[in-house]
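Q: Just to be clear, the model below is a prediction. Sequence and coordinates:
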Amino acid sequence: MPFDRHAFIEIKGSPGATLKVYYSSQKRDRNKEGKFHAAYKTNYLGENDPYHVFLDIKGRGHYVGTILWAEGVKKGSTTFFEGDDSTATDGVFRIHGTGSEDYFNGGKRYPVIFHYYESKSDELNRYHAPEIAIGDINVPWFVSRGYIVFIPDIKYTVRQTGKSALNAVVSAANYLKQFFWVDTAHMGLQGHSYGGFETNYIITHSTIFKAAVESAGVTDLVSIYCGIGDGKAGDQMSYFENGQGRMGGATLWEQKQSYIDESPIFNADKITTPVLMVHNKKDPAVPWTQGVELFTALWRLQKPAWMLQYDGSDHGQSGADALDYTIRITQFFDHYLKGMPPPKWMTDPGYNATAAGYELDISGKQP
């Protein structure tokens, strides 16, 4: 590596070890090359000692990252430490990460996934363990893959829940556009259950999002209103009139236009965002037919859409279904938000996704 005036290398190893160090006298090209600073720090902390400070510097530049080792007195107990890991030394749990092994770099542009479900600000300081997704995306998983995940709170207006979500998410997207490190050309949406409904509504009223994943979301308030939810007649009516549907106590016939306006199905022709849908036949809360309605509408309108169905799961995915779901939504977002090759289950209508797995299409064919 070229250097300006001097370089200092400290080598620690076993006594008597033979090492070779290669270097060049070539100087740094100040017009083309910046400076790289690396620091190594060791602390031997006791139980009551203050926290280890691994970096304390001032100046301009971009923070690339930190590698942290935890070392015990027993042989073989040194462990490489990543943000998603839990580490034990000498057989005792010592430290766990913050949820991501990737460190923010202000000189890089990151794709963004907006995730939402009413209000989640009460989870701001909650530790989210990395795990497979069952409905909502797993935030640490996507952050570890180089995404920003933004979770806005939504303030609702009666009979305008979809519009309330639209205003909150689009306002958040517009706010993030001011930051250099946000890749505004690659922003996605993901919501499950009520968040799935909100995703469906947003993509029928906005064209700024590159990709969307909705899971178990309502698509047609008119058809579901007289249906049966959780095996009981009238449950869906109560849900929309006085529950989460927020129709202010009004029936379908008293506020017919509001029910229509809130239904994404009536604006399916406005959708330009590629969407991956997930709806299961055993879902007791949102009938499978809700997904079929929107998917067949998008098929008829020749819009880019895919629908996953897990016969072993219900309102969310579990077991092997959850793992499959996690892999497929990751492949979907990786293609549309990061430019990676699409999987063959997205490019080939006759492809047996279940039998053939997750093979990528490297032919250059696009969905």
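A: Arrived safely.

Q: and the gap between the spatially most central residue of the chain and residue 113?
A: Among the residues of the chain, residue 142 comes closest to the average C-alpha position under CA atoms, centre = their mean, at 4.5 Å. Residue 142 sits 6 Å away from residue 113, going by CB to CB, to the nearest Å. In this view, the C-beta of every residue, glycine as well, is placed from N, C-alpha and C.

Q: residues shared between the contacts of those two?
A: 149, 333 (CB atoms under 8 Å, 6 or more residues apart in numbering).

Q: what's the closest non-adjacent residue to the residue nearest to the centre of the chain?
A: Distances taken as CB to CB, 6 or more residues apart in numbering put residue 149 closest to residue 142, at 5.5 Å, once the chain neighbours are dropped.

Q: How about residue 245?
A: residue 239 (5.3 Å).

Q: So for the one you found, what's the pLDDT?
A: Residue 239 is assigned 91 on the pLDDT scale.

Q: so it makes contact with residue 246?
A: No - contact criterion CB atoms under 8 Å: residue 239 and residue 246 do not qualify, at 9.9 Å.

Q: mind listing what residue 224 touches?
A: 218, 236, 286, 287, 290.

Q: Settle this for me: the third one is touching residue 193, isn't it.
A: Yes - with contact defined as CB under 8 Å, residue 286 counts as touching residue 193 (7.0 Å).

Q: picking that back up, confirm the residue nearest to the centre of the chain sits in a strand?
A: No - per DSSP: H, G, I helix; E, B strand; the rest coil, residue 142 lies outside any strand segment and is helix.

Q: What are the neighbouring residues in contact with it?
A: Residue 142 makes contact with 113, 149, 330, 333, according to CB under 8 Å, 6+ apart.

Q: which of those residues lies closest to residue 358?
A: Nearest to residue 358 among these: residue 330, at 9.4 Å, using CB to CB.

Q: so is that closest one in a helix, a strand, or just coil?
A: Three-state call for residue 330 (three-state DSSP): helix.

Q: Equivalent analysis for residue 282, please.
A: Following three-state DSSP, we place residue 282 in the coil state.

Q: Contacts only, for the nearest residue to it once chain neighbours are set aside.
A: Setting aside the residues directly before and after it, residue 282 is nearest to residue 314 in space (CB to CB, 6+ apart), at 4.3 Å. If you count contacts by CB under 8 Å, 6+ apart, residue 314 has them with 280, 282, 283, 284.

Q: and residue 314, what element?
A: Assigned by DSSP states H and E, residue 314 falls within no helix or strand.

Q: Next, work out how far apart it and residue 285 are.
A: Applying CB to CB to residue 314 and residue 285 gives a distance of 8 Å.

Q: Could you pull out the helices in this structure for me?
A: Using DSSP state H, the helices of the chain run over residues 139-144, 161-176, 194-203, 221-225, 235-242, 256-261, 288-300, 319-338, 344-347, 353-356.

Q: partner strands of the lengthiest strand in the chain, parallel or antiparallel?
A: Longest strand of the chain, by residue count under DSSP state E: strand 182-192. Using DSSP bridges, the strands paired with strand 182-192 are strand 110-115 (parallel), strand 211-215 (parallel).

Q: need those in JSON lines with distance to residue 184, can you?
A: Listed next are these as JSON lines, based on distance: least, CB to CB, whole Å:
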{"stretch": "strand 110-115", "distance to residue 184": "8"}
{"stretch": "strand 211-215", "distance to residue 184": "14"}
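
Q: Give me whichever of those is most buried.
A: strand 211-215 (a mean of 28; mean count of other CB atoms under 10 Å).

Q: Tell me how the chain divides into domains.
A: 1-97, 110-220+263-356 (automatic domain parsing).

Q: Compare those domains and say which comes out lowest on pLDDT.
A: By mean pLDDT, the lowest-scoring of these turns out to be domain 1-97, with a mean of 61.

Q: In this structure residue 218 contacts residue 196, no?
A: Yes - using CB under 8 Å, residue 218 is in contact with residue 196, at 7.5 Å.

Q: So the two - more neighbours on which side?
A: More neighbours surround residue 218 than the other of residue 218 and residue 196, with 31 against 28 (other CB atoms under 10 Å).

Q: can you pull the contacts of the more buried one?
A: 196, 197, 200, 224, 286, 290.

Q: Quick check: it vs residue 292, distance?
A: With distances taken as CB to CB, residue 218 is found 13 Å from residue 292.
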